[in-house]
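> Would you be able to build a 3D model of this:
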Amino acid sequence: MAMRIEVLSDHPGAQLQDTDAALARERDRAAAHARAVDDLRRRQRASRRWWQLGRWLRHSRELQALLRTAPAADPAVMHRRAQQQAGVDAEDRVAAELERSLNGDWTLFRGYANRRGEVDHLLVGPGGVWAVEVKGRGVRVHVTGDDWRFEKFDRYGNRVESGVLADRGGRSWGRQVGEVAGALEEFLRSRGTPVPVRTAVVVMHERAELGTCRKPGVDVVGIGTRSLLDQVSRTGGILDHEAQRKIADLVRRDHRFHARRRSGGRR
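Below you'll find the model as predicted:
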């Protein structure tokens, strides 16, 4: 029997849907503008007779004004959509590879969130609890402590971009998953289940590379899932079935609690 997958939330998918809806609205506005231009041009052509010169001139002015207000596609929206799609695809690939590699003793929670944020994947099974952050970037990753940076190269090997790997709040990729894992570990301990929550950052992209990696602050930094699966296989037998069941129930409970808080509900 294959690993179980349980979706707690799908924030990346929801973001992608919102962006697609925004693009659809842009297309609708562009189509409506094109129809208005065509209609005005037809009316202008129909007013070419000499006694309709005033009407023709008015239509010409209206047409020029309408053409100046043509809606322009926002390249930033298309760029954002490409990034979101890459993230969704990367998460799906990791889930599929874990499902092929792990048996039914394991449960993969997708989109677990607590007071410190959301993590893409949370694994619960005989090898313990693993919080896994997935990234879909085609970059070379360098890690020194909490300093996570990237280099991007073109197809000829020329470096074209470099920068910091952090979320919108300024947290490095490692701290992003580490803070969520730490809050979950604290919650489990408070409920009588003191187990470590191990952490991993997995980069899924055919052009991704791992460069410098010193004291990353997480248990695994990997390109693809192999490093994660190797570590998971080495930590087998930590949790029995009863402990796994209890942890899975607590994960669901904690996620529901924080989801209600974010939506303004009560416990």
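> counting contacts, what elements does the longest helix along the chain pack onto?
For the chain, the longest helix by residue count, based on DSSP state H, is helix 11-45. Judged by 3 or more Cβ pairs under 8 Å, 6 or more residues apart in numbering; DSSP states H and E, the packing partners of helix 11-45 are helix 53-68, helix 75-101. Where you see a C-beta, it was placed from the backbone N, CA and C, and this is true even at glycine.
> Make a markdown table out of the ones you listed and add mean neighbour count and distance to F257.
Formatted as a markdown table, the helices and strands packed on helix 11-45 follow (neighbours: other Cβ atoms under 10 Å; distance: least, Cβ to Cβ, whole Å):
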| stretch | mean neighbour count | distance to F257 |
| --- | --- | --- |
| helix 53-68 | 13 | 53 |
| helix 75-101 | 16 | 24 |
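> one step back: report the rounded mean pLDDT for the longest helix of the chain.
The predicted model assigns helix 11-45 a mean pLDDT of 82.
> and D249, how many residues sit next to it?
Residues near D249, counting by other Cβ atoms under 10 Å, number 11.
> Name the helix or strand for it, please.
helix 241-263 (DSSP states H and E).
> next one: S162
With DSSP H and E as the criterion, the answer for S162 is strand 159-164.
> Report all helices and strands that the very next helix or strand once past that strand contacts.
Next in sequence after strand 159-164, counting helices and strands by DSSP H and E, comes helix 173-190. Helices and strands touching helix 173-190, by 3+ Cβ pairs under 8 Å, 6+ apart, are strand 107-114, strand 117-125, strand 128-135, strand 197-203, helix 241-263.
> Turn those into a markdown table, including distance to V141 and mean pLDDT.
Converted to a markdown table, those look like this (distance: least, Cβ to Cβ, whole Å; pLDDT from 0 to 100):
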| stretch | distance to V141 | mean pLDDT |
| --- | --- | --- |
| strand 107-114 | 23 | 97 |
| strand 117-125 | 16 | 96 |
| strand 128-135 | 8 | 97 |
| strand 197-203 | 6 | 98 |
| helix 241-263 | 28 | 94 |
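> Those into TSV, with extra columns for distance to D10?
Shown next, in TSV, are those (distance: least, Cβ to Cβ, whole Å):
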stretch	distance to D10
strand 107-114	6
strand 117-125	10
strand 128-135	13
strand 197-203	18
helix 241-263	12
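> and E151, which of the ones you listed is closest to it?
strand 197-203 (13.1 Å; Cβ to Cβ).
> Could you tell me which strands sit next to the helix or strand just after that closest one in the sheet, and their orientation?
Under the assignment DSSP H and E, the closest C-terminal helix or strand after strand 197-203 is strand 209-214. Applying DSSP bridges, strand 209-214 is found paired with strand 140-144 (parallel).
> Check which residues of the partner strand are buried.
R140, V141, H142, V143 (16 or more other Cβ atoms under 10 Å).
> Assess the claim that the last one and G222 are in contact.
No: here V143 does not reach G222: they are 11.5 Å apart, not a contact under Cβ atoms under 8 Å.
> returning to that earlier point: can you give the distance from the longest helix of the chain to the centre of its chain?
Offset of helix 11-45 from its chain centre (Cα atoms, centre = their mean, to the nearest Å): 26 Å.
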